[in-house]
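> Predicted model and sequence below, questions to follow.
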Amino acid sequence: MTPEQLLQHHDEARLWGQTPGTVGGPDAAAAYQKALAVRQLRQQRGEVPKGYKIGFTNRTIWQRYEVFGPMWGTVWNTGLVFCDESAPGLGQGSIDLRHTCQPRLEPEIVFGMRSTPPADPSLQQLFEAIDWLAPGFEVVQSHALDWKFTATDTMADSGLHARLLVGLRLPVRSLATDALALNELLSQAQVTLFKNGQAVEQGTGANVLDSPLNALSHFLKELRQCPGATDLQAGDVVTTGTWTDAWPLQAGESWRAEFSAPLGSLNARMLST
């Protein structure tokens, strides 16, 4: 499948209709080059990259999806929304599900970068390059029927990314004095996910490669080994992977993620108009 065909399926929310592994192929590096070609097409028509998503950092769901390592994709201005911060403590917003394919919801922690990390950064240097963090809802999607894919399929499929709602942003230095303290805070934190007011699952930051900061470190190494990939920039957002399973979505539903203090909570209404 060409990059133009991949983009067409994305725009039309249309299934590929091919057996798992056909689109992504046998080679991860080649699958990422397909995704980068799609990224270039999207930029050519005016879309703006705003950062990255990291997927499959949660080891507890690897067996379910038969994907046994992280991958990544681009976050776009056309799918990125920030909650209104005029009402302190109320992280709420809406997510438009139009033109998404088999959408699912993931509660995550999102980082906002204040600078490009140095080469081969330590966790402390990575901490110093972060400006803020926030609760987030990523809507992921798959163009493979019933979410039956190979790892390379997910790489070619833009990292399965569709939307990102970012909750109330917290200055990282208000939460932790250094990388060690942030790692401990995030790895011990928990989240409870609610659908229409009913709790459906609990998760923990330790699910995400032991902590979201570790996930960011792993991702940066992978990104910098990918020919043609754009490095992290000041102002980029990076969503670091789901703390629970990915939950199927329908328009009209209300979802809430309650993270351990002081990370806050996030409320979202699913829309189709």
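Noted; the coordinates are in hand. Residues are numbered from 1 along each chain as shown.

> Walking through the chain, point out its strands one by one.
Here the chain has its strands, by DSSP state E, at 49-55, 71-76, 80-82, 92-96, 104-113, 130-140, 161-166, 170-171, 190-195, 198-204, 237-239, 247-248, 254-259, 265-271.

> Report the buried residues of the fifth one.
I take that to be strand 104-113. 104-113 (16 or more other CB atoms under 10 Å). (C-beta placed from N, C-alpha, C; glycine too.)

> Using a markdown table, lay out those together with distance to residue 142.
Output for those, formatted as a markdown table (distance: CB to CB, whole Å):
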| residue | distance to residue 142 |
| --- | --- |
| 104 | 8 |
| 105 | 13 |
| 106 | 13 |
| 107 | 18 |
| 108 | 17 |
| 109 | 23 |
| 110 | 21 |
| 111 | 25 |
| 112 | 27 |
| 113 | 28 |
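
> The nearest residue in space to residue 1 that is not next to it in sequence: neighbouring residues, count only.
Nearest residue to residue 1, sequence neighbours excluded (CB to CB, 6 or more residues apart in numbering): residue 23, at 5.1 Å. Residues lying near residue 23 (other CB atoms under 10 Å) number 24.

> so residue 23 makes contact with residue 156?
Yes. With contact defined as CB atoms under 8 Å, residue 23 and residue 156 form a contacting pair (5.3 Å).

> Can you work out which residues contact both of the two?
Any residue near both residue 23 and residue 156 by CB atoms under 8 Å, 6 or more residues apart in numbering counts here, and that gives 1, 6.

> State the number of residues packed around residue 84.
Residues near residue 84, counting by other CB under 10 Å: 11.

> er, residue 44 I mean
Counted with other CB under 10 Å, residues neighbouring residue 44 total 8.

> State the distance from it to residue 7.
Noted for residue 44: a distance of 10 Å to residue 7, by CB to CB, to the nearest Å.

> circling back: dump the strands of the chain into TSV; add distance to residue 184 as well.
Converted to TSV, those look like this (distance: least, CB to CB, whole Å):
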stretch	distance to residue 184
strand 49-55	20
strand 71-76	25
strand 80-82	27
strand 92-96	29
strand 104-113	14
strand 130-140	14
strand 161-166	23
strand 170-171	16
strand 190-195	14
strand 198-204	13
strand 237-239	20
strand 247-248	28
strand 254-259	15
strand 265-271	21
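
> Adding distance to residue 13 and mean pLDDT, write those strands out as a markdown table.
Listed next are the strands of the chain as a markdown table, based on distance: least, CB to CB, whole Å; pLDDT from 0 to 100:
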| stretch | distance to residue 13 | mean pLDDT |
| --- | --- | --- |
| strand 49-55 | 18 | 98 |
| strand 71-76 | 15 | 98 |
| strand 80-82 | 18 | 97 |
| strand 92-96 | 12 | 95 |
| strand 104-113 | 14 | 98 |
| strand 130-140 | 12 | 98 |
| strand 161-166 | 9 | 98 |
| strand 170-171 | 34 | 96 |
| strand 190-195 | 22 | 98 |
| strand 198-204 | 25 | 98 |
| strand 237-239 | 21 | 98 |
| strand 247-248 | 15 | 98 |
| strand 254-259 | 20 | 97 |
| strand 265-271 | 15 | 96 |
